[in-house]
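**Student:** Give the three-dimensional model of this entry:
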Amino acid sequence: MQQEITDEELSSIVRAVNLRYGIDFENYEPISFKRRVSRVIDRYKLENTLGLWRKFMNEKDFIYTFIDEITIGLTEMFRNADFWIKLREEFLPRFSSKPEICIWHAGCSTGEEVYSMGILLTEEFLMNKSNVLATDLNSQSVANTRNGTFSTYYEKTYLTNYAAAKGKRTLESYYTKEGELMTFNKLKFNKIDFQQHNLVKDPIYRKFDFIFCRNVMIYFDDLLKMKVLELFYNSLNDDGLFIIGYYDAMPNDYKKFFEIFDPQTKTYRKIKQ
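**Tutor:** Residues are numbered from 1 along each chain as shown. Predicted structure coming up:
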């Protein structure tokens, strides 16, 4: 049974984490955030939020575990096959004549989306002229994702999704297996740059044709959503596309930055000022 956390206790943890680590969860959706903090307390057999803070104080790297638990992604390779089909057949061709295609995966989590995109770009002969940035708040997650290694526990799901997304080869041709791990060939994806990045406070000094932020804003309230939408708007080229997750919802004022491009896949286009 999960611990009941009061609003005061939650606010105390949020303030303390922000002061000590400079990581601001102030505008995360409170019900979801409270549920995830409760799960951390239960999972690590802590008595309450005070026990959680003691763990922060005694284990300097626990903050990374905490971030990973709080920001855990809804991700798997080629999730939502209809999206990947449309990306392959309709969205990418809009940019295929450009000398360089710039892509940002914001909140890349464990990296399944990033490697799915790498495979798609390879199969459409666009990888060599693509510049791909993958970022996440959790530095440990970024380091793990950079390795391109996933559990074979999910292999069957990935194979099924890849086939449904009209993959042009065999998914097995992209990775090697050793024991219970599958590692994707780094030579095929060496143009992917993995970096730690905090959407709430860190700038981006590049422009992109695609920005993916799928199932990340589900944790944000409208104030924080508008803040990150402004970052995405300023980081997109004029003809760029912004793609959110099936579980995400845009704030009411999003139309100052974006217009709907494809409602089925929750894809938006930057509004030219």
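
**Student:** Do a quick rundown of the helices in the stretch 101-250 of the chain.
**Tutor:** According to DSSP state H, counting those that start in this stretch, the stretch 101-250 of the chain carries its helices in the segments 112-123, 139-146, 155-164, 222-235.

**Student:** what number of residues lie near residue 262?
**Tutor:** Look at residue 262: counted by other CB atoms under 10 Å, it has 16 neighbours. For every residue, glycine as well, the C-beta is placed using N, CA and C.

**Student:** Now it: closest residue in space, sequence neighbours ignored.
**Tutor:** In this structure, residue 262 finds its nearest non-sequential neighbour in residue 86, 6.7 Å apart by CB to CB, 6 or more residues apart in numbering.

**Student:** what comes up buried for whatever helix or strand the one you found lives in?
**Tutor:** Taking DSSP states H and E as the criterion, residue 86 maps to helix 81-86. Of the residues in helix 81-86, those buried under the neighbour-count criterion (16 or more other CB atoms under 10 Å) are 81, 83, 84, 86.

**Student:** Would you agree the first one is in contact with residue 167?
**Tutor:** No. Residue 81 lies out of contact with residue 167 (CB atoms under 8 Å); the separation is 9.7 Å.

**Student:** Would you map the strands across this structure?
**Tutor:** Taking DSSP state E as the criterion, the chain carries its strands at 101-106, 130-136, 149-151, 175-178, 181-184, 192-196, 208-213, 236-244, 258-262, 267-270.

**Student:** Against which helices or strands is the fifth one packed?
**Tutor:** Pointing back at strand 181-184 there. On a contact count with 3 or more CB pairs under 8 Å, 6 or more residues apart in numbering; DSSP states H and E, strand 181-184 meets strand 149-151, strand 175-178.

**Student:** ditto for the third one
**Tutor:** Helices and strands in packing contact with strand 149-151 are listed as strand 181-184; criterion 3+ CB pairs under 8 Å, 6+ apart.

**Student:** The second one too?
**Tutor:** Using 3+ CB pairs under 8 Å, 6+ apart as the contact criterion, the secondary-structure elements in contact with strand 130-136 are strand 101-106, helix 112-123, helix 139-146, strand 192-196.
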